[in-house]
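Chemist: next come a sequence and a model predicted from it.
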Amino acid sequence: GDNNINAKLVLLGDMGAGKSSLVLRLVKGQFLEFQESTIGAAFFSQTLAVNDATVKFEIWDTDGQERYHSLAPMYYRGAAAAIVVYDITSVDSFTRAKKWVEELRKQGNPNLVIALAGNKADLEDKRKVSAEEARAYAEENALFFIETSAKTAINVNDTFYEIARRLPRA
Ligand code: GTP
Ligand code: MG
C-alpha cells in the first residue's frame, strides 16, 4: 500500500470546548489562556510518522457557534477523521458533542474515524461529565474516547496518533 497518506481531519464541538487549543498544542506545542474564538474556520497541516507510514493531516478547526452550524458540512464532507470535542466541565458541551456524533453518522463519510475528546481534563475539581458516562457513550457509538488537556498537553498528541493508526490504509 501507499505509505504516505493525506487525511482531512475536522474538529467539531461547542464554542469554548478547546478545539483551537488542541490544534495549537499539536502544531506549535503552545497553549494560550486567552485563546481567541475562531471565526469561520482555520486551516492547519501537520505530518505525523506512524510505524512505516507518514500521515499528513489537513486540519479544519471549525467555529463552535451554533449559528455557524450549517457551515460544518463543508468541513466534514470528504473528511477521513473527526475529533468531536467537549469540555469536561460543561454538560451542555457534552450534549452538543452527542449531536455532532449523530450528524456525522448520518451525513459523514461511512468510514469516518471519530474521536470523542473530553478536553480540559486538568480542571478535575470542576468536572461535570464523568469519564465513565462518556466512555459508555463512546462504546455504544463505536467512537474512540480520550480525555485531553490542551493546557497540560496530556493525551493531545496521542489523540492524533491514535487517529492516524486507525485510518484505513490504501
Ligand atoms: P471556538 O473557536 O469559539 O469554537 O472555541 P474553541 O473550541 O476553539 O476553544 P478555544 O481553544 O478557543 O478555548 C476556549 C478557552 O478554553 C480558552 O480560554 C482556552 O485557553 C481554554 N482552554 C482550552 N483548552 C483548555 C484546557 O485543556 N484546559 C483549560 N484549563 N483551559 C483550556
Ligand atoms: Mg476555536
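Modeler: It's in. Ligands and ions are numbered 1, 2, ... in the order given.
Chemist: contacts, neighbours, all on C-alpha from now
Modeler: Noted.
Chemist: for the nearest residue to residue 22 once chain neighbours are set aside, give me its contacts.
Modeler: Leaving aside its sequence neighbours, residue 22 sits nearest to residue 150 (CA to CA, 6 or more residues apart in numbering; 5.0 Å). Residue 150 makes contact with 18, 21, 22, 25, 31, 119, 120, 156 under the criterion CA atoms under 8 Å, 6 or more residues apart in numbering.
Chemist: element containing the fourth one?
Modeler: When you say that, I think you mean residue 25. helix 19-28 (DSSP states H and E).
Chemist: one step back: wait, a helix at the residue nearest to residue 22?
Modeler: No: counting by DSSP: H, G, I helix; E, B strand; the rest coil, residue 150 falls outside a helix, being coil.
Chemist: what comes up buried for stretch 22-40?
Modeler: 22, 23, 24, 25, 26, 31, 38 (16 or more other CA atoms under 10 Å).
Chemist: separation between residue 45 and ligand 1?
Modeler: Distance, residue 45 to ligand 1, by CA to the nearest ligand atom, to the nearest Å: 16 Å.
Chemist: was I right about residue 148 contacting residue 116?
Modeler: No: under the criterion of CA atoms under 8 Å, residue 148 is not in contact with residue 116, lying 10.0 Å apart.
Chemist: do I have it right that residue 61 meets residue 43?
Modeler: Yes: the pair residue 61 / residue 43 is scored as a contact, 6.3 Å apart, by CA under 8 Å.
Chemist: so which of those two has more stuff around it?
Modeler: Neighbour count, other CA atoms under 10 Å: between residue 61 and residue 43, residue 61 has more, with 25 against 11.
Chemist: how about that one, secondary structure?
Modeler: From three-state DSSP, the assignment for residue 61 is strand.
Chemist: got a list of what it touches?
Modeler: Shown in contact with residue 61 (CA under 8 Å, 6+ apart): 10, 11, 12, 19, 20, 23, 38, 41, 42, 43, 44.
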